[in-house]
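**Student:** structure, please.
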Amino acid sequence: MKILVGMSGGIDSSVAAWLLKQQGYEVIGATMSIWKEGTPYNGPAGNSCYQPETQEELAEIQEICRKIGIPHVVVDCQDMYEDIVLKNFRAEYLAGRTPNPCVWCNSKIKFGALIDFARKSGIEFDKFATGHYARVDFDKKTGRYRLRRAVDLHKDQTYFLHRLTQEQLSSVIFPLGDMLKKDVRKIDEEQGFHAVGQEESQDFYCGDYTDLLGVVPGKGNIIDRQGTVMGTHTGVWNYTIGQRKGLGIASDRPLYVVELRPGSNEVVVGHEEDTLHTRVVIEDLSWSAVAALDTPRECVARIRSASNPQMAMVSPGEDNTLVISFTGAVKAATPGQSLVVYDGDTVLCGGIISSAR
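**Tutor:** This is a model prediction of the structure:
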C-alpha cells in the first residue's frame with residue numbers, strides 16, 4: 001500500500017512517516033507550500049504554521065525524509081490557501097467574529113487540496129496520513145466512519161479535525177492516535193530527526209494578525225453594557241470575546257470584552273459574570289459519526305480546543321442550527337469559533353458559534 005504523509009518538518013509528522021515506513025508501507029512525504037511572496041510578516045521565524053518558507057526549512061524536511069528512506073515532494077497550495085483560509089480569516093475578523101483558521105485549513109487544504117493536487121501531479125497513493133493525534137474507525141452498525149479522541153488527551157486534535165468528511169475519514173491514517181507524546185518525542189530523538197528539546201509550532205500565525213487583514217485603523221468607542229463610553233480603540237478586529245488584557249481602561253473590577261459591534265465600531269465590555277454562557281447556537285454544521293440529530297440528545301461539547309468537554313443537551317434549532325444547552329456555565333463562547341459535540345470520545349458533529357447567552 002502506498003501512503004502519502006503530510007510533512008511539516010515537525011516531530012509528529014516525521015515520526016508518523018517513520019512508523020509507517022517501519023510497518024512496511026511504501027511512503028511518500030509531501031509538504032504544502034502555502035505562503036505567497038509579498039505577504040507582510042512581522043513574527044518570529046520557525047514558530048508558526050503560516051510564515052515565510054525558507055530553503056533551509058525545506059532542506060531540513062528533505063533530510064528527514066532521506067533518513068527515513070522515502071521520497072519527498074512539495075505541493076503548491078498557495079492560491080487555495082489564500083482563497084479559502086485567509087479570505088475566511090479576514091471576513092470573520094472584520095465581521096467582529098473570531099475564526100479558527102486551523103479548522104478550515106485541515107478540512108479544505110491539508111485533507112483536501114493537498115491530496116487533490118498531489119494526485120493531479122501524477123503521484124499515486126492509496127491513503128493519506130498525518131501526525132495528528134486522533135483515531136479513526138468504522139462503525140458497522142451505522143455504516144459511518146468515526147473520528148475519536150486520541151489516547152493522549154492532552155494532545156488530542158479532534159477539535160481541529162471535526163470538519164473532515166466521511167470520504168476524507170475513509171482514506172486517512174493517524175499513526176500517532178494510540179501513542180503518548182513523550183513516546184513520540186523519544187522516537188524522534190532516537191532517530192535523530194530533531195535536536196533534543198525541539199520546540200513545536202504553537203499558533204497559526206505569530207506576527208500581528210492585522211498584517212493579514214489589510215485594514216486601516218479606525219477609531220471607535222469602548223462602552224459598557226449601559227452604553228457609557230469607557231475608552232477608545234482602533235478597530236474591533238483587535239479584540240475577542242472574553243479578552244481582559246490590553247483594554248487600557250481603569251476600573252475597580254476587571255473588565256472583559258463581552259460583545260463586538262463592527263457596524264457601529266464599538267467594543268462592549270462587562271464583568272466576568274457577563275462572559276458566562278449556558279446556551280450556545282451553532283451554524284454551518286458538519287456531521288461526523290451521525291448524519292443528523294432529530295431529537296435532543298445529552299452529549300459533551302467543547303467551545304475551544306483547550307477546553308475540557310462539558311455536559312450539555314444538544315437540540316435541533318431553526319434554519320439548520322443546533323442549540324447547545326450546557327449543564328453549567330461556560331466562559332466566553334465566541335462567535336466564529338468552532339464548537340464540537342462528542343459522545344464519549346467520538347465526534348458526533350460540530351459547527352460555528354453564531355450566538356451565546
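**Student:** the helix or strand of the chain with the lowest mean pLDDT: which residues count as buried?
**Tutor:** Comparing every helix and strand of the chain by mean pLDDT, DSSP states H and E singles out helix 210-213 as the least confident one, with a mean of 82. Counting neighbours by 16 or more other C-beta atoms under 10 Å, one finds that the buried residues in helix 210-213 are 210, 212, 213. All C-beta atoms are positioned from the backbone trio N, CA, C, and that covers glycine.
**Student:** same check, this time on stretch 101-117
**Tutor:** Residues of stretch 101-117 classed as buried by neighbour count (16+ other C-beta under 10 Å): 101-115, 117.
**Student:** verify the stated contact: residue 95 with residue 237.
**Tutor:** No. The pair residue 95 and residue 237 does not pass the contact test of C-beta atoms under 8 Å, sitting 9.2 Å apart.
**Student:** so these two - more neighbours on which side?
**Tutor:** More neighbours surround residue 237 than the other of residue 95 and residue 237, with 23 against 15 (other C-beta atoms under 10 Å).
**Student:** residues contacting the nearest residue in space to that one that is not next to it in sequence?
**Tutor:** When the adjacent residues along the chain are set aside, residue 237 lies closest to residue 93, with 4.4 Å between them (C-beta to C-beta, 6 or more residues apart in numbering). Contacts here follow C-beta atoms under 8 Å, 6 or more residues apart in numbering; on that basis residue 93 touches 99, 209, 213, 237.
**Student:** again with residue 265
**Tutor:** For residue 265, counting by C-beta under 8 Å, 6+ apart, the contacting residues are 218, 219, 220, 221, 235, 236.
**Student:** okay, who's weakest in the residues you listed by pLDDT?
**Tutor:** When it comes to pLDDT, residue 218 is the least confident member of the contacts of residue 265, at 88.
**Student:** for it, helix, strand, or coil?
**Tutor:** coil (DSSP: H, G, I helix; E, B strand; the rest coil).
**Student:** that one: how many residues sit nearby?
**Tutor:** By other C-beta under 10 Å, 11 other residues sit near residue 218.
**Student:** list the contacts for it?
**Tutor:** By C-beta under 8 Å, 6+ apart, the residues touching residue 218 are 234, 235, 265.
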